[in-house]
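> sharing a model prediction with you, sequence too.
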Amino acid sequence: MRFDPLEKIRSMSLSQKKLMLSGITIAALFSALWFFVYMPSRAEVLKLEAELSDTQSQIRQIEEIMADGKISGIGIGMLKEKYRRLKERFPEDEEEGIAALSTIARSCGIKVVSSSVQAKTEFVDDSQQPVVFEGKALQVILVSLELKATYKELLKYIQAMRNSLSVLATVESLSIDADEAGPKKLNVVLGVNLYFSS
């Protein structure tokens, strides 16, 4: 006797097919978020740190050259602006960044069921050394959000976080379950790391 998966699917009830489709969709969404949001954002933290350090070094070199009168103020102004924008990604005040997570969620039509904030911890690199910027150790705060959203709202929210959040954030964890209230709503638990200087 040969196993025919199509025949097995045809013999499933409508509710079983919906459940299977929900499971496949959740797995696909989780995979997409993992590969397109979580993994790139972790690398972005270290990339920004290197870019900050490089820009600061360039500013120092240009200022030394400027002392000899060889370069115009336009070039140094452009580099200082780039450095200022990068520096803003690591603010000292965490309250605004934490509050923005819920504000952005609501603007995307997402219901924020609850949120919790863990204590600051020191951000370390792969060799477990503290990451330092301008003589200050970078700190990370994990914010856990329990949300009710559709797939579309969740994707819109993650994109809005990347575009609108002033502080650097990475998605640390994501858990998605179908909501019993309706087939289109999801119960989402999202863990977001926010990075600050101290």
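All right, it came through fine. Numbering: from 1, shown residues only.
> quick one: mean pLDDT over the helix or strand that contains residue 29.
For residue 29, the element it lies in under DSSP states H and E is helix 14-33. Averaged over helix 14-33, pLDDT sits at 80.
> give me the nearest residue to residue 137, chain neighbours excluded.
residue 130 (4.9 Å; CB to CB, 6 or more residues apart in numbering). C-beta: built from backbone N, CA, C; applies to glycine.
> I'd guess residue 143 is in a strand, am I close?
Yes. Residue 143 sits within a strand when classified using DSSP: H, G, I helix; E, B strand; the rest coil.
> that one pairs with what?
Listed by DSSP bridges, the beta-bridge partners for residue 143 are residue 117, residue 192.
> if I read this right, it contacts residue 98, doesn't it?
Yes. With contact defined as CB atoms under 8 Å, residue 143 and residue 98 form a contacting pair (5.8 Å).
> shared neighbours, those two?
A shared contact of residue 143 and residue 98, defined by CB atoms under 8 Å, 6 or more residues apart in numbering, is any residue touching both; here these are 117, 194.
> middle-most residue in this structure, spatially?
Centroid check for the chain by CA atoms, centre = their mean gives residue 170 as the closest residue, at 3.0 Å.
> beta partners of that residue?
For residue 170, the beta-bridge partners are residue 193 (DSSP bridges).
> and stretch 138-147, average pLDDT?
According to the model, stretch 138-147 has a mean pLDDT of 89.
> meant to ask about stretch 102-109
92.
> what sits up against it?
For stretch 102-109, the surrounding residues in contact (CB under 8 Å, 6+ apart) are 112, 115, 145, 147, 149, 153, 156, 157, 160, 161, 164, 165.
> what about residue 189, how many neighbours?
15 (other CB atoms under 10 Å).
> what backbone torsions are found at it?
phi -120, psi 120 (degrees, to the nearest 10).
> isn't it up against residue 145?
Yes. The pair formed by residue 189 and residue 145 meets the contact definition of CB under 8 Å, at 7.3 Å.
> was I right to think residue 132 contacts residue 138?
Yes. In this structure, residue 132 sits in contact with residue 138. The criterion is CB under 8 Å, and the distance is 7.1 Å.
> tell me which of those two has more neighbours.
For the pair residue 132 and residue 138, the greater number of neighbours falls to residue 138 (20 against 14), based on other CB under 10 Å.
> element containing the more buried one, please.
Assignment of secondary structure by DSSP H and E places residue 138 within strand 136-149.
> buried stuff in that strand?
Neighbour counts over strand 136-149 (16 or more other CB atoms under 10 Å) mark 138, 139, 140, 141, 142, 143, 144, 145, 147, 148, 149 as buried.
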